[in-house]
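[1] 3D, please:
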Amino acid sequence: MPAVSKGDGMRGLAVFISDIRNCDKALDGYSKKKYVCKLLFIFLLGHDIDFGHMEAVNLLSSNRYTEKQIGYLFISVLVNSNSELIRLINNAIKNDLASRNPTFMGLALHCIANVGSREMAEAFAGEIPKILVAGDTMDSVKQSAALCLLRLHRASPDLVPVGDWTSRVVHLLNDQHLGVVTAATSLITTLAQKNPEEFKTSVSLAVSRLSRIVTSASTDLQDYTYYFVPAPWLSVKLLRLLQCYPPPDPAVRGRLTECLEAILNKAQEPPKSKKVQHSNAKNAVLFEAISLVTHHDSEPNLLVRACNQLGQFLQHRETNLRYLALESMCTLASSEFSHEAVKTHIETVINALKTERDVSVRQRAVDLLYAMCDRSNAQQIVAEMLSYLETADYSIREEIVLKVAILAEKYAVDYTWYVDTILNLIRIAGDYVSEEVWYRVIQIVINRDDVQGYAAKTVFEALQAPACHENLVKVGGYILGEFGNLIAGDPRSSPLTQFHLLHSKFHLCSVPTRALLLSTYIKFVNLFPEVKGTIQDVLRSDSQLKNADVELQQRAVEYLRLSTVASTDILATVLEEMPPFPERESSILAKLKKKKGPSTVTDLEEAKRERSADVNGGPEPALASTSAVSTPSPSADLLGLGAAPPVPAGPPPSSGGLLVDVFSDSPSAAAPLAPGSEDNFARFVCKNNGVLFENQLLQIGLKSEFRQNLGRMFIFYGNKTSTQFLNFTPTLICSDDLQANLSLQTKPVDPTVDGGAQVQQAVNIECVSDFTEAPVLNIQFRYGGTFQNVSVKLPITLNKFFQPTEMASQDFFQRWKQLSNPQQEVQSIFKAKHPMDTEVTKAKIIGFGSALLEEVDPNPANFVGAGIIHTRTAQIGCLLRLEPNLQAQMYRLTLRTSRETVSQRLCELLSEQF
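    Down below sits the predicted model:
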């Protein structure tokens, strides 16, 4: 055939297009089909087509199959949902669906599925189910109808109605035509995931159909047998459908168990073919059966058999099989029935970690070691993971670091081993040790007195290495700043030696680490007065006081001033040892969940937590946080100077609430108060600013001011995740009595809070009359499709409307005597909950709102105060007297006001502060 030049080809194309444009309108069907087909070919070559659409629509009304086929093909490829012709197309499709001609119905259904637009769903979502369940519909049309309905449901699930047809479509699982059963199973599986109750009758039918397939010979289903495996695709779909439901009733369960045993038995039989297609089909059914066994988690025999079968695959020459075996064993490790069986393969898995060439297989081996770890093998697994970490691929190092840190903490019998492990982790892979990991070391050391001295000694020795990773300097600086005094008795780790060791690393570190070290230095001033002069010289140097970084400069100036001006008692108070961190979910585990996704680590960890009653701690502590209004660098806040106290996390959402709300945006009832809400509330009695609540998703900060009977509060909602909060709705809830005595006006907030963003809500407050309750702040929102509901008490208390009043001694006692009626006085004697520090007590009384009257009480150890509670309806004078008994560690608090309810409430609030 002679070659056609490019010029001749383009000339021929131009002639062809001109011929189409100038053709007679009265084309016969064949010519119209031919030209439309050529236009479609031109479009597929990459040229724009802006004519010929109407001719394609006209082809839909033809009675010839070939013409109608080309028309539907053109429509499927070139017509979009916004086309003006869509109504004509829909009419042609309706005519074909009503024709009962199976060929034409199949073409129409294929077109609907290919276009799959919302307009198509609105027009045909009610019609297609009728075709699907009609008794006279042919099998090929039923297949197409099922798959078309599945396509529309995936594109527009809200437009596919669930009605009477659902019970009839389930019975398609009994159809004689396996193609219909296969298509129907795909549809039912998708619909059952959203409406499980509507399709629960499909379980027994699916088991019955699966039983017939498994027990049949390969010759019984010749049309659907693939390389000697009967109906493998249908078997896999039926097994996936059964995973939408819990284990069935005993009668059905027995038959299902027989099916699963038969599948496991066939896996042990010699292969009937050496072709890879045979093994692929056979193993596809096997792995889906194992997934169902793991999902039900109720048959110990099947679980152990599945584990043993997977164990054989761990050494298979096929890489994909080894990968799938490791992945499936990860889920089996979470079952109490098969966990011990999984542990028997530990040496094989460790060998895979060392010898596998494929990084994805090595990653699955790491996951399996993490899943099978418990107290009996934790040290072996952690040691192997640390050994592998030295040569691990860069892409999985961070994940291994997180897992080693979690396992070391969770299963540590001796916390000295935990400290050694984490320091070794920092040495081997310091660049991959995230802030969450070294934060956890500090939290655990602070919370456990028995390991503090060992930790200080160990980090001191580790810091003596010529080259230390910066994360080790952070951990060493923090721990020595808190507990360096525990090793100061050894001449080799004297205070001056500790300081010089840390300061030798100072100039090699980044700004956040330097800031932390400066905080360590000021802690040393409190711990070791003998090095005060040396540290002041460092703080006084130009490199600190005139540092280009404003954070370092400010710290140097403030710490120098603090060390110069403050007395020993004030220094001891300001720089006291950090209190234990509150218990909540580990920030390391939260990071691993976020990295891996909720379907892997989360479910596994929950199952392991239920299985292992002897793991350390249960809920785990997390980092203290700073105010929502100002967020300095994490390293700057670790020593807690000026930071808000740590607050406990909110509760995890209940599973019941998730089941109810996952598909609905309707408002839910307010959640119970978050754990720790009362403690946080008490902290705000004597202060107005700080963090009120914090969990893994949300941080709530407050900033407020009050004058007489009016107040204004700013509530800051911080999204701590990278995902948007949707339908974000904060609501203030007040009882009827509280509404009558306290007026609250709120401004609405944006219902969408971007990841990492913060929104502010202003609340105007007026005290109408005295009150005892506090309003509840309820926040509801959606995060990643999950409904969240959090409630906390908002710290608006009666003492916020205190105005201090200065009084002389004579006036005070004269007024004191006037308020001598029994109803006007409330007295409370209570044990001190905190150290009895004079300066702290003064600060709390002033923060409570009253004036602190000096040299009024004859006993100088006593504290007296005076003020006026302002409401819209009255002004209530208040006098208080606090008498500490240092020997007995007791207080006596007396309050006298002109109103009994006010005396009672103020006494309750203030007595909780000491």
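[2] where does L852 land in three-state SS?
    strand (DSSP: H, G, I helix; E, B strand; the rest coil).
[3] so it touches F863, yeah?
    Yes. Under the criterion of Cβ atoms under 8 Å, L852 makes contact with F863 at 6.8 Å. Using the backbone N, CA and C atoms, a C-beta is placed for each residue, glycine as well.
[4] what touches both of those two?
    842, 845 (Cβ atoms under 8 Å, 6 or more residues apart in numbering).
[5] So between those two, which is more surrounded?
    Between L852 and F863, counted using other Cβ atoms under 10 Å, the more crowded position is F863 (24 against 19).
[6] Mind giving me the packing neighbours of the helix or strand where S387 lies?
    In the assignment (DSSP states H and E), S387 maps to helix 378-389. Contacts defined by 3 or more Cβ pairs under 8 Å, 6 or more residues apart in numbering; DSSP states H and E place helix 378-389 against helix 346-355, helix 359-372, helix 394-410, helix 415-429.
[7] Other residues contacting the shortest one?
    Meaning helix 346-355. 311, 314-315, 322, 326, 361-362, 365-366, 368-369, 372, 377, 380-381, 384, 388.
[8] mean confidence score for the helix holding S387?
    Helix 378-389 shows a mean pLDDT of 92 in the predicted model.
[9] Over to stretch 814-832?
    When pLDDT is averaged over stretch 814-832, the result is 83.
[10] measure C330 to D367 for me?
    With distances taken as Cβ to Cβ, to the nearest Å, C330 is found 5 Å from D367.
[11] how's the protein carved up into domains?
    374-574, 677-796, 799-912 (the TED database).
[12] can you redo those domains as JSON lines with distance to V141?
    Formatted as JSON lines, the domains of the chain follow (distance: least, Cβ to Cβ, whole Å):
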{"stretch": "domain 374-574", "distance to V141": "49"}
{"stretch": "domain 677-796", "distance to V141": "36"}
{"stretch": "domain 799-912", "distance to V141": "73"}
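[13] List just the one of the ones you listed that sits closest to M105.
    Of all those, domain 677-796 sits nearest to M105, with 37.0 Å by Cβ to Cβ.
[14] element containing V475?
    Following DSSP H and E, one finds V475 within helix 470-483.
[15] Can you spell out which helices and strands pack onto that helix?
    In terms of contacts (3+ Cβ pairs under 8 Å, 6+ apart), helix 470-483 is packed against helix 415-429, helix 435-447, helix 449-462, helix 495-506, helix 511-527.
[16] By mean pLDDT, show me the worst of those.
    helix 435-447 (a mean of 86).
[17] what's the angle from it to helix 394-410?
    Between helix 435-447 and helix 394-410, the angle comes out at 10 degrees (axes from the mean of the first three to the mean of the last three Cα atoms, to 10 degrees).
[18] Could you give me the buried positions within helix 435-447?
    435-447 (16 or more other Cβ atoms under 10 Å).
[19] Show me what it is packed against.
    With contacts taken as 3+ Cβ pairs under 8 Å, 6+ apart, helix 435-447 sits against helix 394-410, helix 415-429, helix 449-462, helix 470-483, helix 587-596, helix 634-637.
[20] Now do the buried residues in the longest one.
    Going by neighbour count (16+ other Cβ under 10 Å), the buried part of helix 394-410 is 396-410.
[21] same for it, what does it pack against?
    Applying 3+ Cβ pairs under 8 Å, 6+ apart, we find helix 394-410 packed against helix 359-372, helix 378-389, helix 415-429, helix 435-447, helix 587-596.
[22] And those helices: which comes nearest P835?
    Closest among those, using Cβ to Cβ: helix 435-447, at 17.8 Å.
[23] So what's the residue count around L893?
    L893 has 21 nearby residues by other Cβ under 10 Å.
[24] Which element, helix or strand, includes it?
    Assigned by DSSP H and E, L893 belongs to strand 890-897.
[25] so how far is that strand off the chain centroid?
    47 Å (Cα atoms, centre = their mean, to the nearest Å).
[26] from now on call the first residue 22
    Will do, 22 is the new start, and the previous item becomes strand 911-918.
[27] tell me which strands and helices the next helix-or-strand element following that strand is in contact with?
    Per DSSP H and E, the first helix or strand lying C-terminal to strand 911-918 is helix 921-932. Packed against helix 921-932 by the contact rule (3+ Cβ pairs under 8 Å, 6+ apart) you find strand 846-852, helix 859-869, strand 896-906, strand 911-918.
[28] what about P217, neighbour count?
    Count around P217 with other Cβ under 10 Å applied: 14.
[29] since we're on the residue lying closest to it once chain neighbours are set aside, how many residues are nearby?
    Closest residue to P217 apart from its sequence neighbours, by Cβ to Cβ, 6 or more residues apart in numbering: C265 at 6.1 Å. Using other Cβ under 10 Å, the number of residues around C265 comes to 20.
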